[in-house]
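Peer 1: Mind looking at a prediction? Sequence and model below.
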Amino acid sequence: MEVKTPREFFEKVLPSRFKPDKAAGIDVTVQVSIVGPNGGDWIVTIKNQQLQVKEGTLSSPTLQVKMSEKDYLDVINGKLSGERAFFTRKLQINGDIGIALKLRNAGFF
């Protein structure tokens, strides 16, 4: 199933894609900003192997992720790797890149 909007991903797909067993030891709050017509801001918290997603912004997240809507959809639909997006500057990450890699393993992108 191809994800059509970031909202669909955060509300429906991410909770089912999340892998609690791969999130052991992760305690992070991520501010995700998606720029585009269907974009928006989401706060994703992973703690105690549990996922919480809500719309909004946070002043001091552990990690900040920013992408265009098109590029983000390409990553979550498997058309573009997260690494390639990062190295071509389509994915902007502020914070610990090691945490970002762990999030990928937990199903975040």
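Peer 2: Received, thanks.

Peer 1: where along the protein do the helices fall?
Peer 2: Along the chain, counting by DSSP state H, helices occupy 6-8, 14-17, 69-76, 82-87, 97-105.

Peer 1: quick one: buried residues of stretch 31-51?
Peer 2: Neighbour counts over stretch 31-51 (16 or more other C-beta atoms under 10 Å) mark 31-34, 39-46, 49, 51 as buried. From N, CA and C alone the C-beta is placed, and that goes for glycine too.

Peer 1: Nearest to residue 21 among those residues?
Peer 2: Among the buried residues of stretch 31-51, residue 49 lies closest to residue 21 (C-beta to C-beta), at 7.5 Å.

Peer 1: show me the contacts for the closest residue to that closest one other than its chain neighbours.
Peer 2: Spatial nearest neighbour of residue 49, excluding adjacent residues (C-beta to C-beta, 6 or more residues apart in numbering): residue 20 at 4.2 Å. For residue 20, the contacting residues are 49, 50, 51, 106, by C-beta atoms under 8 Å, 6 or more residues apart in numbering.

Peer 1: And residue 20, how far from residue 34?
Peer 2: 24 Å (C-beta to C-beta, to the nearest Å).
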